[in-house]
Each structure stands twice: as structure tokens, then as C-alpha cells.
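Student: What would the 3D arrangement of this be:
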Amino acid sequence: METIKKEWQAKVATVLLIVLTIWWRVAPSFSPTPEKRFLGDFISIYVIMAIWGMLWGLLIAQKWGGIHSVIGKALLFFSAALGGQIFGQIAYAYYPLILHTPTPYPTIGDIGYFSSIPFSILGTFYLAKASGVAINLRTYKQKIQALFIPFIMLFLGYLLFLQGYKFDWNHPASIILEFVAPLGQATYVSFAILTYLLSKGVLGGIMKNKVIFILFALCFQFLSDYVFLYQASRGTWLAGGINDYMYLFSYFLMTLALLQFKTVFDRLQSKSP
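Tutor: Residues are numbered from 1 along each chain as shown. This next block holds a predicted model:
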């Protein structure tokens, strides 16, 4: 990938991914319990990837004009979505690491996790505007796509992960989170897919690849969240397990997606007189 070759920040993210992957695979052998990681708890460490992506996303957004430009706003909202994940992970890690108590569910950390959904939706909205898409749903085909894509995303998510879900009416807040959150996630992924479908005729060579990569990062985040719901509802979720590694990889993808815009900005600057 061009961004990894050109940007040292992307190289750092790649090395970080490799190190954390080795940690995730090898460290359990140094611990008496499978969820504990050598030199600490994996789930409290891999958030560093999201922090790295958020910080550079914010800086790159300023290069594009920040809140004064459409691309700047898109990057700010995607960075804020990573910030929500960071807040959620830190809040969840606070209980076992600092208070030495089991983490309650739901907790304040879920506010951070949930906030990433509207931030991602807004980021996708401004990315659509930056791509030259006027999603006004004027045509019959666009209306069908706008309705059909979210339905398919939710249906597949239910079919693959949520069949047999048991309602715990003693904790209504958890039921709301576990069903409203997937709806919001299906919204931003559907919006990203819709942006790509409707922008085929207007996207230039520069923006097209960026939209595809953002879409891929959002889809992987969507998949990670559904796997969490699946495992949590069946009591199979394990701290530091495959789902946590999926979140690490989703943060890595979003970090690269944001860094792509630095590559584009630098290229445009080098061409300007």
C-alpha cells in the first residue's frame, strides 16, 4: 500500500500491529490463566492503536481545514469515533486494573462505545459530500438502495450472530444497547456502501480508493461488534480472545484509512505552484 510505503506513521502502526499480534499469540503461555497477558492485560494495551489513529486523524483533519472543510469534518468525526472506543476501553479496564473488581455491564464505558456510532455516521455523511455525492434519494433506484442495504445488513447480522439471543429483562439497559447499537452500526455501514454505489459516476481516482478503504474499515468494525454480541449472548466471550484481536485490527484499518488522507494532501501540495 502506498500509504504504508510513504508515511512513517503508517509504518509505526504496522509495527505496532505485528508486536501486539505476537503478544496476543505468545503471551498466554507466560500466564496461569488464558485471559492474562505477559507484562499486563492485552485488552488494556491494544487501545494504543486507536490512540495513535485518533491523534493523527485529528492532525490530518487540520491539514484539510478542520471544521471549515468537508473532508476535514469527515476526518474529525472518524477520529472522534476512535476516541469513543478509547474512552470505552479505558473505562472498562479501570474496574479490574484500578478497583480490582469485575466490570459491571452496562457501564459508563458503553457511552463511549455508543458515541462512536453517531460519529461514524456523521463521518460517512461528510465523506459522501467530499466525494461529490448528493444523496437526495430522488430516484426510485436510490430509494430502493437506501432501504434495502440497511435491511440486508441487519438481517445478515441477525442470521449469523444473534439467533438464539436470550433477553435478560433484569437488565433492560443491556437489551437496548445490544439492539440499538447494531441498528446504528448498520446505518453507518449502509451509508458508506450507499455512498460508494451512488458515487461511481462522480468519484475521481483520488477519492474512490479512500472511500473503499474507509468502507472496509467500517465493515470490519461492524463485524467485530456483532461477534462481541454473539459471544457475549452465549457466554463465550473471553477477555483477550479473538474478538479483542478483531477490534485491534479494526483500529489498525481505520488508522491506515485516515493516514491515506495525509498522503493525498501531501501529493496535492507538491503539485500546487
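Student: so what's Thr3 up against?
Tutor: Neighbouring residues of Thr3 by C-beta atoms under 8 Å, 6 or more residues apart in numbering: 10, 256, 259-260, 262-263. The way it works is simple: take the backbone N, C-alpha and C, and place the C-beta from them, glycine included.
Student: same question, Phe119
Tutor: So Phe119 contacts 77-78, 80-81, 83-84 (C-beta under 8 Å, 6+ apart).
Student: residues of the helix or strand hosting it that come out buried?
Tutor: Using DSSP states H and E, the element containing Phe119 is helix 109-130. For helix 109-130, burial by neighbour count (16 or more other C-beta atoms under 10 Å) applies to 109-110, 112-128, 130.
Student: Hmm, Ile18 and Lys11 touching each other?
Tutor: No - Lys11 lies out of contact with Ile18 (C-beta atoms under 8 Å); the separation is 10.8 Å.
Student: ok, these two, which is more surrounded?
Tutor: Of the pair Lys11 and Ile18, Lys11 is the one with more neighbours under other C-beta atoms under 10 Å, namely 13 against 10.
Student: what pLDDT does that one get?
Tutor: Per-residue confidence (pLDDT) for Lys11: 94.
Student: ok so, going back, between the contacts of Phe119, which is closest to Gln221?
Tutor: Ala81 (8.4 Å; C-beta to C-beta).
Student: correct me, but that closest one touches Thr124?
Tutor: No - with contacts counted by C-beta under 8 Å, Ala81 stays clear of Thr124, the gap being 9.9 Å.
Student: Could you find the closest non-adjacent residue to Asp51?
Tutor: Rather than Asp, residue 51 is Ile. By the measure of C-beta to C-beta, 6 or more residues apart in numbering, the closest residue to Ile51 outside its immediate chain neighbours is Ile86, 5.8 Å from it.
Student: just the helices in the stretch 101-250 of the chain please.
Tutor: 109-130, 140-157, 172-198, 205-233, 242-271 (DSSP state H, counting those that start in this stretch).
Student: lowest-confidence stretch among those helices?
Tutor: helix 140-157 - the lowest mean pLDDT of these, at a mean of 62.
Student: Please, where are all the strands along the stretch 1-150 of the chain?
Tutor: Here the stretch 1-150 of the chain has no strands by DSSP state E, counting those that start in this stretch.
Student: so who does Cys219 touch?
Tutor: For Cys219, the contact set (C-beta under 8 Å, 6+ apart) comprises 189, 192.
Student: Pull the number of nearby residues for Leu99.
Tutor: 9.
Student: Quick check: it vs Gly66, distance?
Tutor: Leu99 is 38 Å from Gly66, where distance means C-beta to C-beta, to the nearest Å.
Student: Likewise for Ala130?
Tutor: Ala130 is 14 Å from Gly66, by C-beta to C-beta.
Student: try Ile121
Tutor: Separation of Ile121 from Gly66 (C-beta to C-beta): 19 Å.
Student: now do Thr263
Tutor: 19 Å.
Student: Please apply the same query to Phe78.
Tutor: 13 Å.
Student: So the two - more neighbours on which side?
Tutor: More neighbours surround Phe78 than the other of Phe78 and Gly66, with 29 against 14 (other C-beta under 10 Å).
Student: give the contact list for that one.
Tutor: Neighbours of Phe78 in contact, by C-beta under 8 Å, 6+ apart: 57, 119-120, 123, 214, 254, 257-258.
Student: what's the burial count for the closest residue to Ile121 other than its chain neighbours?
Tutor: In space, and not counting its chain neighbours, Ile121 is closest to Tyr188: 4.5 Å by C-beta to C-beta, 6+ apart. By other C-beta under 10 Å, the residues close to Tyr188 number 26.
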